[in-house]
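Student: Sequence first, then the predicted structure:
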Amino acid sequence: MKTTKILLTLGLAGFMSIVSFGQNIAGSAHDFSGDNWNNTGEICVVCHTPHNAATMQEAPLWNHEVTTTVFTLYTNATSPSFDATASQPDGSSKLCLSCHDGTVAMDNFGGRTNGADLLTGNKNLGTDLSNDHPVSFVYDAALATTDGGLFDPTSTNSGLGGTINSDLLLANKLQCSSCHDVHNGSGLNDLLVVSNTASALCLTCHNK
Amino acid sequence: MKNISILILSFLIGFPIFLNAQSIITTKHNLSISGTGTIKATSESEICIFCHTPHNSSPRAPLWNKNISGTTYTLYNSSTLDAVPGQPDGSSILCLSCHDGTIALGEVVSRTTPIDMTGIMPSKSNLTTDLSNDHPISFTYDAALAASDGQLKTPPLNSLAILDHNSKLQCTSCHDPHKETNPKFLRASNEFSDLCFLCHDRTYWNNSTHKTSTKTWNGSGTNPWAHLESAYATVSQNACANCHNPHNADGKQRLLKSNLEENNCLDCHNGNVASKNIQTELAKTYKHDVYNYSIVHDPTESTSVTTKHVECQDCHNPHASNSTTATAPFVNGFNLGVSGINQAGNSVNPATNTYEICYKCHAGNSWSPSPAFPRLIVQNNVRLEFEPSNPSFHPIAGPRNNSEITANLISPNTANTVLYCTSCHASNNSTGPAGPHGSIYPQILKLQYETADYTVESAQAYALCYSCHNRNNIINDINTFKEHKLHIVEERTPCSACHDAHGISSTQGNSTNNSHLINFRTDIVFPSSWGSLRYEDTGVNKGRCYLRCHGKNHRPKSY
């Protein structure tokens, strides 16, 4: 029984070290309450509103102008070793890109369309996504088999308690949210979902 | 409760999937602080970052995280290269963003400050911007190339041989940078050069000793495999790598381990790997002096060699040589797969008869060695000397078919016997390696053959001649020229004074004046007082000589 307790303690300690609890968006890179382009002084309002939200799939009570960019993609033509089927960003990735493609002002929320504060620097991925990790593609067991350098998402642990598919993918697709937690649940640099120490996040999917 | 602990244990065990033994983590390409190699970061823990970044990659694919040096590389070239390597592209240019040594390992696109590293890339991994000593890359490998080269397998290749989407051979054709299940990140084991032979297709190789020999290095002298990071124990296992080095090769053309041609051979053929010691032969006074020439021999050179040189490769094909035996005049295993000049003077590849290999250099080339002595008839083309239609000749290119000589030949020689050049020109060490590598006797003769005037006759002095020709009969005038005893025993005249061992060309001599290999040495035999210097055959063991020698005037002398 003592052994069991020790094991339990060790297990919990290990789990805690991987996923830190108690972090949240306040004070994170996505807390814009103090930015001078956000005259509301609120945090959530830049992306969400409790009422009269935009009605769109994958848009939880969405309150920000959505990008209309047709993106340049990372495709099989960019990299012949890319075996997935590339598609225009959809789902939550499209919402991320509504600031991070640099075409929609950060302050274009709550119906405003004449904002001027565009994201700059490294965080602005631009409309050319061919130099960024592909998103919005189906990552399933078949892709893993075809590629040979990917783990089977349906049977491989994500490091978060379930499989890659259950924890990191949305509707079988890899999205920005597969790596990034916009709400800073983990409190990690770059809002990563888990620590990339020893490239652990990369190597969760990549069998290298 | 037990169930819970099992669940937690399995979670803990299952989670570190990235500790898989075959993953990049355990390879030298893990340059992070957790790396096991000597080159690694002082604090950076990320592994992929040294090559890849999820955002703002450069070049774009495969999300590359290092700038390209922009260097113009010096490309591989050789006289036997049929492929057309371009400036490195595809995956190769990515590899070179570290392996050309121009960009620091820690200098990645995604970090404004280079990652702090310890250790420096060893010279073996630094290919530099001079790729002329590395296996060619970034060339199209298609059926047309295989056809023009003739020594490459025709695509489609074995599935282990990876060409890129443009059918180009790249670094990744041999190396998988993420896996080190084989040394040097090789995609497959290169034992027996299996990896090389996915593409290369060498004529003769399957029967060659270099493929099959289980010989090992005895530990003495130079390590013949010092150019290999992880040599196998036997010749057979090392195969191509015995002589070739795919990277930073000292011998750039054909990627040989040594720029000095003979070292590629003699590091093994010195008694330390191969059982016969060729090096000892080449230390003798008379030899085919392979040490004397460097980068003169070329595999594409004319069969009739125009620039004087000798290398092991002139007579031996290391991809073909084996120990099969043959009878004269046919080539034995040691000389398989070597070009030559046939008796008609035409180029042949491979040579069928061993003498054809000798004719590449000894058949009237502008620089061919001159005859050893001044003679009445001068000829430095041994091919013409051995022509079977000649008035007399030693039986190299065909038998004498002359019953007159049979009586004095030692068994098993007969009038039908055919000899190799190496029957006379070979090592003086009868248990040493066969062939004319070196000898203590002039002209690389295997036995003593005195040529000085006034040599005291003995079995030893003319041991070479007496190994076939019955000494007792000769010095007692039995079934032979009846004044042999007078000339060689009493007057102490060497055999060579009257006989020209190779033969007398029909273009210069005739059956009356030049039977019995008669072609007088003009430094010993002089014209008679009447101005005549010639021999006339007048029948079996009968003739006439017009000459002056040892103070005797024959004008003529008949016998």
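Tutor: Structure received.
Student: And the residue nearest the centre of chain A, how far from residue B:63?
Tutor: Residue closest to the average C-alpha location in chain A (C-alpha atoms, centre = their mean): residue A:177, at 2.1 Å. Between residue A:177 and residue B:63 the computed distance is 19 Å (C-beta to C-beta, to the nearest Å). (C-beta placed from N, C-alpha, C; glycine too.)
Student: likewise residue B:549?
Tutor: For residue B:549, the distance to residue B:63 - C-beta to C-beta - is 92 Å.
Student: quick one: which of those two has more around it?
Tutor: residue B:63 (25 against 21; other C-beta atoms under 10 Å in any protein chain shown).
Student: contacting residues for that one?
Tutor: A:74, A:79, A:131-133, B:52-54, B:57 (C-beta atoms under 8 Å, 6 or more residues apart in numbering or on different chains).
Student: Which residues does stretch A:90-102 contact?
Tutor: With C-beta under 8 Å, 6+ apart as the test, stretch A:90-102 has contacts from A:47, A:57-59, A:62, A:64-67, A:69, A:71, A:89, A:104, A:106, A:118-120, A:123-127, A:135-136, A:170-171, A:173, A:175-177, A:180, A:182.
Student: And stretch A:46-65, by the same measure?
Tutor: Contacts of stretch A:46-65 (C-beta under 8 Å, 6+ apart): A:32, A:38, A:45, A:66, A:90-92, A:94-95, A:98-99, A:104-106, A:108-110, A:112-113, A:170, A:182.
Student: and what of stretch B:370-381?
Tutor: B:362-364, B:368-369, B:385, B:442-443, B:451, B:496, B:500, B:504-505, B:508-509, B:514, B:519-523, B:533-534.
Student: same check, this time on stretch B:357-364
Tutor: B:303-305, B:308, B:310, B:314-315, B:331, B:335, B:338-342, B:345, B:351, B:368-369, B:380-384, B:421.
Student: Helix, strand or coil: sort out residue B:556 for me.
Tutor: strand (DSSP: H, G, I helix; E, B strand; the rest coil).
Student: how near is it to chain A?
Tutor: Residue B:556 is 90 Å from chain A, where distance means C-beta to the nearest C-beta, to the nearest Å.
Student: again with residue B:172
Tutor: For residue B:172 relative to chain A (C-beta to the nearest C-beta), the value is 9 Å.
Student: circling back to that earlier point, just to be sure, which of the contacts of stretch A:90-102 are found in helices?
Tutor: Here DSSP state H is the test, and these give A:176-177 as lying in helices.
Student: Now restrict the contacts of stretch A:90-102 to buried residues only.
Tutor: Among the contacts of stretch A:90-102, the ones that count as buried by 16 or more other C-beta atoms under 10 Å in any protein chain shown are A:47, A:59, A:62, A:64-65, A:67, A:69, A:71, A:89, A:104, A:106, A:119, A:125-126, A:135-136, A:170, A:173, A:175-177, A:180, A:182.
Student: hang on, the earlier thing: which one of the contacts of residue B:63 sits closest to residue B:145?
Tutor: residue A:79 (25.6 Å; C-beta to C-beta).
Student: Endpoints of stretch B:134-152, how far apart?
Tutor: Stretch B:134-152 stretches 18 Å from its first residue to its last (C-alpha to C-alpha, to the nearest Å).
Student: Contact residues of the stretch 151-300 of chain B facing chain A?
Tutor: Contact residues, the stretch 151-300 of chain B versus chain A (C-beta under 8 Å from any C-beta of the partner chain): B:164-165, B:178-179.
Student: where's the residue most central in space within chain B, which helix or strand?
Tutor: Centroid-nearest residue in chain B: residue B:313, 2.9 Å away (criterion: C-alpha atoms, centre = their mean). Residue B:313 is located in helix B:312-315, with elements delineated by DSSP states H and E.
Student: Which strands and helices lie in contact with that helix?
Tutor: Secondary-structure packing of helix B:312-315 (3 or more C-beta pairs under 8 Å, 6 or more residues apart in numbering or on different chains; DSSP states H and E): helix B:261-266, helix B:354-362.
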